[in-house]
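Trainee: structural data only, the sequence is not supplied:
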């Protein structure tokens, strides 16, 4: 019986070491393109618009804890048109279900007022699944000719990812959590690589948790027997 208890102690120790290695070595959940590795050319002029990136999706099941963007100066501005006004942007996480996109998570509305710089925003914890879709929303603002003042925030470069957008004349507004938008509402925006990504923590590996739990139960049994 003492040998069995020693086995349980060994299992607990191995489980703790293994779980620590899994936690320390596991890659964070990722999705999108690292803004710090991009060199965006411009940002969108449009407002009242929702984007989805159908290429660089969420990498694993887990919880999103933050998102990052590169806010880019608008390339069409004349010297007499300052680009200093604050703009708003919101992260929207979609999950495709048949012919619909379901909203599974949203960030608070964030405000950006400085351009050609990196921004990091925290998230309250958005539960995601592998292959969920990264989207974002720019609220509608009053604009004149040539999309001035520009309504976008996130920098992009032509080429790369498969980007679609929903942009009705009256301006798009994302539904709340659990709401849906039909895929047919979105137009093909062509290949564009946007400087936006998400990050978070993956779901722990079940096998490691089971091994740790079994070892801890063994320790409890050993302590009770020892007390007797």
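Mentor: That came through, no problem. As the structure is a computational prediction, the values presented were derived from the model and not from experiment. Numbers count the residues shown, from 1 in each chain.
Trainee: middle-most residue in the chain, spatially?
Mentor: residue 198 (3.1 Å; Cα atoms, centre = their mean).
Trainee: who's in contact with it?
Mentor: 29-32, 58, 64, 66-68, 91, 93, 123, 134 (Cβ atoms under 8 Å, 6 or more residues apart in numbering). For the C-beta atoms, the positions are set from N, CA and C on the backbone; glycine is no exception.
Trainee: again with residue 203
Mentor: Counting by Cβ under 8 Å, 6+ apart, residue 203 touches 60-62.
Trainee: among those, name the buried ones.
Mentor: 60, 62 (16 or more other Cβ atoms under 10 Å).
Trainee: now the contacts of residue 203 as a markdown table including distance to residue 168?
Mentor: Converted to a markdown table, the contacts of residue 203 look like this (distance: Cβ to Cβ, whole Å):
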| residue | distance to residue 168 |
| --- | --- |
| 60 | 34 |
| 61 | 33 |
| 62 | 33 |
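Trainee: dump the contacts of residue 203 to TSV, plus secondary structure, distance to residue 42 and pLDDT.
Mentor: Below are those laid out as TSV (DSSP: H, G, I helix; E, B strand; the rest coil; distance: Cβ to Cβ, whole Å; pLDDT from 0 to 100):
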residue	secondary structure	distance to residue 42	pLDDT
60	coil	32	96
61	coil	35	97
62	strand	33	97
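Trainee: where does residue 184 sit: helix, strand or coil?
Mentor: The three-state label given to residue 184 by DSSP: H, G, I helix; E, B strand; the rest coil is helix.
Trainee: the one 5 residues further on now?
Mentor: In terms of secondary structure, residue 189 is strand; the call rests on three-state DSSP.
Trainee: thought it was touching residue 163?
Mentor: Yes. With contact defined as Cβ atoms under 8 Å, residue 189 counts as touching residue 163 (4.3 Å).
Trainee: pull up the overlap in contacts between the two.
Mentor: Joint contacts of residue 189 and residue 163 (Cβ under 8 Å, 6+ apart) are residue 51.
Trainee: could you pull out the buried residues of stretch 65-73?
Mentor: Quick answer for stretch 65-73 (16+ other Cβ under 10 Å): 65, 67-73.
Trainee: whoops, I mixed them up, stretch 195-202
Mentor: Neighbour-count burial for stretch 195-202 flags 195-200, 202 (criterion: 16+ other Cβ under 10 Å).
Trainee: can you add distance to residue 86 and give these back as JSON lines?
Mentor: Converted to JSON lines, the buried residues of stretch 195-202 look like this (distance: Cβ to Cβ, whole Å):
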{"residue": "195", "distance to residue 86": "19"}
{"residue": "196", "distance to residue 86": "18"}
{"residue": "197", "distance to residue 86": "22"}
{"residue": "198", "distance to residue 86": "23"}
{"residue": "199", "distance to residue 86": "25"}
{"residue": "200", "distance to residue 86": "27"}
{"residue": "202", "distance to residue 86": "35"}
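Trainee: among the residues you listed, name the ones in strands.
Mentor: Judged by DSSP state E, the buried residues of stretch 195-202 include 196-200, 202 as members of strands.
Trainee: helix or strand right after the helix or strand bottoming out on mean pLDDT in the chain?
Mentor: The weakest-scoring helix or strand in the chain, judged by mean pLDDT, DSSP states H and E, is helix 2-25 (a mean of 47). Counting by DSSP states H and E, the next helix or strand C-terminal to helix 2-25 is strand 29-32.
Trainee: tell me which other helices or strands that following strand touches.
Mentor: If you count contacts as 3 or more Cβ pairs under 8 Å, 6 or more residues apart in numbering; DSSP states H and E, strand 29-32 packs onto strand 62-71, strand 196-202.
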